[in-house]
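predicted model and sequence follow; I will ask about them next.
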Amino acid sequence: MLVNILILNNKINKVNNEMEKYETMIGLEVHMQINTKSKIFCECSTDFGCQPNSNTCVICTSQPGALPLLNKQAIEAVVKTGLALNCKINVASNFSRKQYFYPDLPKNYQITQFSLPLCYNGTLKFIYKDKEKIINIQRIHLEEDAGKLIHKDNYSLLDLNRAGIGLMELVTSPELHSAEESFIFLNTLKDIVEYLATSQCNMEQGQMRCDVNISIRQVNQQTLGTKVEIKNLNSISAVQDAINYEYARQIKTLTDGGKVVQETRAWDSKLNITKSTRPKENCLDYRYFTEPNLIPLNLNDTLITKLYKEIPELPYLRKQRFMVSYQLNAYDASYLTSTKLLADYYEKAVKFSKNNKIAPKLLANWIATELISKLNVSKLNIDKSPVTSENLAKLIDLIISGKISGKIAKQIFVEMYKTSIDPVTLINKMNMKQISNESIIIALCNESIKENSKAAFEFQTGKVKAIDYIVGTVMKKSKGKANPQLVVKIIKELLKNSVNKI
Amino acid sequence: MIKKCEFNNIAFLSRIYVNEQEVNKYITDLNKMVTAVNILQEVNTDNVIPTTHMTSMRNIWRQDTVKSSTNSVKKILFNNAPEAENCFYKIRKVLNI
Ligand SMILES: [Zn+2]
């Protein structure tokens, strides 16, 4: 047994040693569906989940003679995304045809951009292992999505509702080095694009898809290794799994004395492996040429300036500001800025609150625990919250001023969520106001001390914790409404006085 | 000049079936076109701005509004398909790539 473990350990060490000799170079091609109401070249709706082929017309089914009508909003979305990612903009730009035959592409060519993408030479910054990392973005271009195929046993079904929806394709330099880094890159990108509202990046609806280029090379080697492309990744976690699998496969190929072949592989999400797709040799030639049916673009400064001004404060900067302005820790700040809606809700609440010292932290806690768990149960987005940011701020102010206890606040919050009524009205209606009237509390304390004479004696003889029994009795008698700090103070005074009498 | 293997690849990419007798005829025709283009290539274009379209118009676009095509148009489009299943176009099996 011991021997077996030793052998196993040696094997693992050997693989680990091999792994240390290599570094991974990863480049990503990210496709994001542009957030427009209509498709890019026709006025069909982009709604998801409609009856198959109901959002189609003569243009997106490519009837002979039908001409594309460019959607201005799609151009704006790509340019805005590029500006937010520090890209240069090709103000004079145009479209090209990429020719290939596949049933999901009714024209037999895809309208895309080739030599003049709308955006180029950008960067995306993120934090990895407490260090700032900058990845170069080579280009972001505009193109049209293809239809959706459903594969049956011996035939396929085609839905063209997705055909012609605007897509932006973002291409990075091969500068990512691990699955984990790629994961953070994609999440950072997703957060930014969601803030910009240029794509909803909804993974379940296939609005964000990714192709991965991955090669490995020996550390210190100057040239890049042989590149393998993995297609068919429709979630960020699939990207991570595929990179990890492919990295191990390529290292094993090399250490076994083999050679990595340049090819396209598909991710099989059921088996969690990549598979070679073996396309016909020498047939990959897209024969790009300029799309004659679309007039070239020449974007003016006014439009670019307008788009630049529309860029909101981005998640990374907003997080930093939250930490400074509201004294939040990094964890709370990144949670609250994870979506624009959540950050907006929080900031509005902070502004409504009359207390700007304790309220920001309390609001952060209440939103992250009480509110979000309720919203999750009712499957609501924060902008549809029955408790408005103003009402939540009022509730927090009531706690801070000592008018209600935290426990009562939770009961009131449940009612606020159910009824959307403001907390002050609810407290009066529910008779929940905290009792801070000393004479009432003194009476309750006296009663409770009598009922817990053993605990009272223990407290007086030095067992400090014994006071909790008496406080508990007072709180029960007052139905939780007695001000707990006042209760403790009064019980202590009463017991001290009675000791003096002894 | 276009060679036979290049011709076959173009035919494959264009999904056009060409029988053996026709191959040489088409290669000859295509090469006449290539020769004509080569003559054009000799023109000095050093001071000519690259042009993709003959028009000076730019930025022809529409606003982002939805207008559904009519049901009768959709019906005509759908009925054009040789085969259908429920609301889908039914097609020959394709490789899942
Ligand atoms: Zn359409």
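Received the coordinates, thanks. Computed from a predicted model, the values in this text were never measured in an experiment. Residues are numbered from 1 along each chain as shown, chains lettered A, B, ... in the order given.

surely A:Ile135 meets A:His177?
No - shown here, A:Ile135 and A:His177 do not form a contact pair, counting by Cβ atoms under 8 Å, at 10.3 Å. Glycine gets a C-beta too; all of them are placed from N, C-alpha and C.

mind checking which of the two has more residues around it?
Regarding A:Ile135 and A:His177, a neighbour count based on other Cβ atoms under 10 Å in any protein chain shown identifies A:Ile135 as having more, with 23 against 14.

what pairs with the host helix or strand of that one, parallel or antiparallel?
Assigned by DSSP states H and E, A:Ile135 belongs to strand A:131-144. Taking DSSP bridges as the criterion, strand A:131-144 forms sheet pairs with strand A:119-128 (antiparallel), strand A:166-172 (antiparallel).

worst-scoring helix or strand of chain A, pLDDT-wise?
Ranking every helix and strand in chain A by mean pLDDT, DSSP states H and E puts helix A:2-21 at the bottom, with a mean of 57.

could you see whether chain B lies near the next helix or strand after that helix?
Note on helix A:2-21: by DSSP H and E, the next helix or strand toward the C-terminus is strand A:22-33. No - contact of strand A:22-33 with chain B is not found when judged by Cβ under 8 Å from any Cβ of the partner chain; the minimum separation is 13.8 Å.

tell me what strand A:22-33 is packed against?
Using 3 or more Cβ pairs under 8 Å, 6 or more residues apart in numbering or on different chains; DSSP states H and E as the contact definition, the elements that strand A:22-33 packs against are strand A:166-172, helix A:179-196, strand A:208-218, helix A:236-255.

follow-up on the earlier one: can you spell out which helices and strands pack onto whichever helix or strand comes after the strand holding A:Ile135?
Using DSSP H and E, the next helix or strand after strand A:131-144 towards the C-terminus is strand A:148-151. Helices and strands touching strand A:148-151, by 3+ Cβ pairs under 8 Å, 6+ apart, are strand A:155-159.

given the strand it packs on, what are its sheet partners and their directions?
With DSSP bridges as the criterion, the sheet partners recorded for strand A:155-159 are strand A:148-151 (antiparallel), strand B:88-92 (antiparallel).

who's in contact with the shortest one?
This points to strand A:148-151. Outside of strand A:148-151, the residues within contact range by Cβ atoms under 8 Å, 6 or more residues apart in numbering or on different chains are A:103-104, A:156-159, A:161-162, B:88, B:93-94, B:96.

that older thread, what angle separates the strand holding A:Ile135 from helix A:179-196?
With axes from the mean of the first three to the mean of the last three Cα atoms, to 10 degrees as the criterion, the two stretches strand A:131-144 and helix A:179-196 enclose an angle of 60 degrees.

hmm, strand A:131-144 in reach of the ion?
No - among the residues of strand A:131-144, none lie within reach of the ion under Cβ under 5 Å from the ion; the closest is 10.5 Å away.

count of neighbours near the residue of the stretch 401-502 of chain A found nearest the ion?
Here the stretch 401-502 of chain A gets closest to the ion at one residue, A:Ser420, 40.8 Å apart by Cβ to the ion. By the measure other Cβ under 10 Å, the count of residues near A:Ser420 is 12.

that one contacts A:Glu390, doesn't it?
No - at 11.2 Å, A:Ser420 does not count as touching A:Glu390 under the criterion of Cβ under 8 Å.

between the strand holding A:Ile135 and strand A:22-33, how many degrees?
Using the same axes, to 10 degrees, the interaxial angle of strand A:131-144 with respect to strand A:22-33 works out to 40 degrees.

give me the pLDDT for the residue of the stretch 401-502 of chain A closest to the ion.
With respect to pLDDT, A:Ser420 scores 93.

three-state assignment of the closest residue to it other than its chain neighbours?
Of all residues not flanking A:Ser420 in the chain, A:Pro386 sits nearest, at 4.6 Å (Cβ to Cβ, 6 or more residues apart in numbering or on different chains). With DSSP: H, G, I helix; E, B strand; the rest coil as the basis, the three-state label of A:Pro386 is coil.

ok, A:Pro386 to A:Glu415 distance?
Taking Cβ to Cβ, to the nearest Å as the criterion, A:Pro386 is separated from A:Glu415 by 10 Å.

got it, and A:Lys354?
Plainly put, A:Lys354 is 22 Å away from A:Glu415 if you go by Cβ to Cβ.

so for these two, which sits in the more crowded spot?
Neighbours were tallied for A:Lys354 and for A:Glu415 using other Cβ under 10 Å; the higher tally belongs to A:Glu415 (17 against 11).

check contacts around A:Phe48.
A:Phe48 makes contact with A:202, A:205, according to Cβ under 8 Å, 6+ apart.

quick one: average confidence on stretch A:78-98?
Along stretch A:78-98, the predicted confidence averages to a pLDDT of 97.

ok, longest helix in chain B?
Secondary structure of chain B read by DSSP state H shows that its longest helix is helix B:20-41.

in the following helix or strand past that one, what's buried?
Helices and strands here follow DSSP H and E; after helix B:20-41, the next one along the chain is helix B:71-79. Within helix B:71-79, the residues scored as buried using 16 or more other Cβ atoms under 10 Å in any protein chain shown are B:74, B:77-78.
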